[in-house]
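Asks: sequence first, predicted coordinates after that:
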Amino acid sequence: MSFITRGFSGRSHDRDPRLPPGQTEVSDWPVLSAGPTPRVDTEEWEFSIRTENGAHTWTWDQFMALKIDDVSTDIHCVTHWSKLGTSWRGVSIDTLFEGIETSHDFVMAHSYGGYTTNVPLDELLNGQAWIAFEFDGEPLEAEHGGPARLIVPHLYFWKSAKWVRGLVTMPNDDPGFWEQSGYHIHGDPWKEERYW
Amino acid sequence: MSGPADTAWRVGSVSRISKETPSAARIVLDVDGWPGNDAGQHLDIRLTAPDGYTATRSYSIASAGPGMVVDLAVDKLPDGEVSPFLVDDVMAGDKLEVHGPLGGWFVWRPDAASSPVQLIGGGSGVVPLIAMLRSHHDTADATPFRLLYSLRTPEDTFFPEVLKDADVDYVYTRRAPDGWPTPAGRLTKDVLAASVFAAAEKPRVFLCGSTGFVETVAAWLVELGHDPRMIRTERFGGT
């Protein structure tokens, strides 16, 4: 149904092919959060994975002793901005799931502060997602999700839960926080899966 | 571009556009098929150039309730691509593509609840709070409401006709009106504490503004004893 907007020419028409439809590249890093930023000390920080078979928990020091990946990726926010070529360090979900068995197909990520978001398990594995604690060579700032956040760069960035504290597997694709408040259950930026 | 999301774009006809502040415009849209919206929700506007290039941005809605008339107030970002077009180039009679209403979290619905509502807005972050004030007024809702509004100068006031009937504390950051009891300056934690419902009253807080404003004020509120779960935030950023 798209029509030409009278008088609009736009700024740059050389669209970077890395930009999904409806996205604009930004150089800064806008923040979107539903509430105050939780402040979590790494001394108190814990991360756990819970399945129908039990729970595995890591302290910050145990987490830092795991295999750490360097990740270079584009990120896409549902509010129409994308940031290209960002660099992160973190532990892949593959590493964390080594030795963990589950028959569940879905995961709910839980954060300090109460945020939740749902992701299919097979979209967190095979090098598609990390628990990241460093951005651009610096410790991840609290307002951007530090000390550690989930990153699932191939989905809209609300799936990349800030202040993450655990993953809980589940048999059904139950909706998380934003998914109950109007955002798409899956969130693929290349299909513009923004809203219900 | 095609896909399921496209089916939800609607045509908004600009019925009125006027200067709201030195840098912002008020835009009234008649949106065919608009289902009405809750106070605090936003919409997406998509502009299309003759060669097919598109730019899409989200804007908070300053109105609430049933009906197909939607009020926006758009502040011009100096380096923006879409906001300068909306503020400077759009004329009454123009048609814009809109999608919405969007957002189910930063919303207030008339409920006459026991706990009061504290609104806190910085700059154009007041826009979704204006929708809440209007909804509160239009439905004669009995919930106690207060607004703390941080703005640069008196000329930067959005929707003064809505604010005149509301319980508002103003903080002028650059220049205060003549005879104002306090000099212009940034919001401080002390002024915040003196201007909002106390934590003991368990207010629900809606806080909207730039990232820096929201981060600072939200942290102060938590330090002042407000339950983080009672504080809902919305920020604007990017261009």
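Replies: Thanks, I have the structure now. Just so you know, these numbers come straight off a predicted model, no measurement behind them. Numbering: from 1, shown residues only, chains lettered A, B, ... in the order given.
Asks: count residues in the vicinity of B:Thr182, would you?
Replies: Number of residues near B:Thr182 (other CB atoms under 10 Å in any protein chain shown) recorded here: 10. To be clear about C-beta, it is placed using only N, CA and C from the backbone, and glycine gets the same treatment.
Asks: show me the contacts for it.
Replies: B:Ala176 (CB atoms under 8 Å, 6 or more residues apart in numbering or on different chains).
Asks: can you check B:Gly104 too?
Replies: B:Gly104 makes contact with A:Gln180, A:Ser181, A:Gly182, B:Asp38, B:Gln41, according to CB under 8 Å, 6+ apart.
Asks: ranking the residues you listed by neighbours, who comes first?
Replies: Neighbour-wise, those (other CB under 10 Å) top out at B:Gln41, 23 neighbours.
Asks: per-residue pLDDT of it, please?
Replies: According to the per-residue confidence, B:Gln41 scores 96 in pLDDT.
Asks: find the nearest non-adjacent residue to it, please.
Replies: What sits nearest to B:Gln41 in space, not counting adjacent residues and going by CB to CB, 6 or more residues apart in numbering or on different chains, is B:Pro101, at 4.1 Å.
Asks: element containing the one you found?
Replies: Assigning secondary structure by DSSP states H and E places B:Pro101 in strand B:95-102.
Asks: may I have that strand as PDB, with CA atoms only?
Replies: Output of strand B:95-102 as PDB, limited to C-alpha atoms (Å, rounded to 0.1, in the frame of the first residue of the first chain):
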ATOM      1  CA  LYS B  95      -1.100  12.000   3.700                       C
ATOM      2  CA  LEU B  96       1.300  10.000   5.900                       C
ATOM      3  CA  GLU B  97       1.500   6.200   6.400                       C
ATOM      4  CA  VAL B  98       1.100   5.200  10.000                       C
ATOM      5  CA  HIS B  99       1.100   1.900  11.900                       C
ATOM      6  CA  GLY B 100      -0.300   1.500  15.300                       C
ATOM      7  CA  PRO B 101      -1.300   2.000  18.000                       C
ATOM      8  CA  LEU B 102       1.800   0.300  19.500                       C
END
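Asks: tell me which strands and helices the helix or strand bottoming out on mean pLDDT in chain A is in contact with?
Replies: Taking mean pLDDT, DSSP states H and E as the measure, chain A has strand A:24-25 as its least confident helix or strand, at a mean of 91. Using 3 or more CB pairs under 8 Å, 6 or more residues apart in numbering or on different chains; DSSP states H and E as the contact criterion, the elements in contact with strand A:24-25 are strand A:81-92.
Asks: quick one: the residue sitting furthest away from the middle of chain B from B:Val82, how far?
Replies: Residue farthest from the centre of chain B, counting by CA atoms, centre = their mean, is B:Asp51 at 32.5 Å. With the distance defined as CB to CB, to the nearest Å, B:Asp51 ends up 17 Å from B:Val82.
Asks: before we move on, what SS does whatever residue of chain A ends up closest to chain B have?
Replies: Taking CB to the nearest CB as the measure, the point where chain A comes nearest chain B is A:Pro30, at 3.0 Å. At A:Pro30, secondary structure determined by DSSP: H, G, I helix; E, B strand; the rest coil is coil.
Asks: residues near it, how many?
Replies: Look at A:Pro30: counted by other CB under 10 Å, it has 17 neighbours.
Asks: in chain B, which spans are helices?
Replies: Shown for chain B, the helices assigned by DSSP state H span residues B:83-88, B:127-138, B:160-163, B:189-195, B:211-223.
Asks: oh sorry, the question was meant for chain A
Replies: Taking DSSP H as the criterion, chain A carries its helices at A:60-64, A:93-96, A:177-180.
Asks: quick one: which of the contacts of B:Gly104 is nearest B:Asp32?
Replies: For B:Asp32, the closest of those turns out to be B:Gln41, at 18.1 Å, with distances computed as CB to CB.
Asks: so the closest one touches B:Leu102, yeah?
Replies: Yes - applying CB atoms under 8 Å, one finds B:Gln41 in contact with B:Leu102, separated by 6.1 Å.
Asks: contacts only, for the residue nearest the centre of chain B.
Replies: By CA atoms, centre = their mean, the mean C-alpha position of chain B lies nearest to B:Val127, the distance being 1.9 Å. The contact partners of B:Val127, by CB under 8 Å, 6+ apart, come to B:Tyr59, B:Ser60, B:Ile61, B:Ala62, B:Leu72, B:Ala73, B:Gly121, B:Phe158, B:Cys208.
Asks: what comes up buried for stretch B:155-171?
Replies: B:Asp156, B:Thr157, B:Phe158, B:Phe159, B:Val162, B:Leu163, B:Ala166, B:Val168, B:Asp169, B:Tyr170, B:Val171 (16 or more other CB atoms under 10 Å in any protein chain shown).
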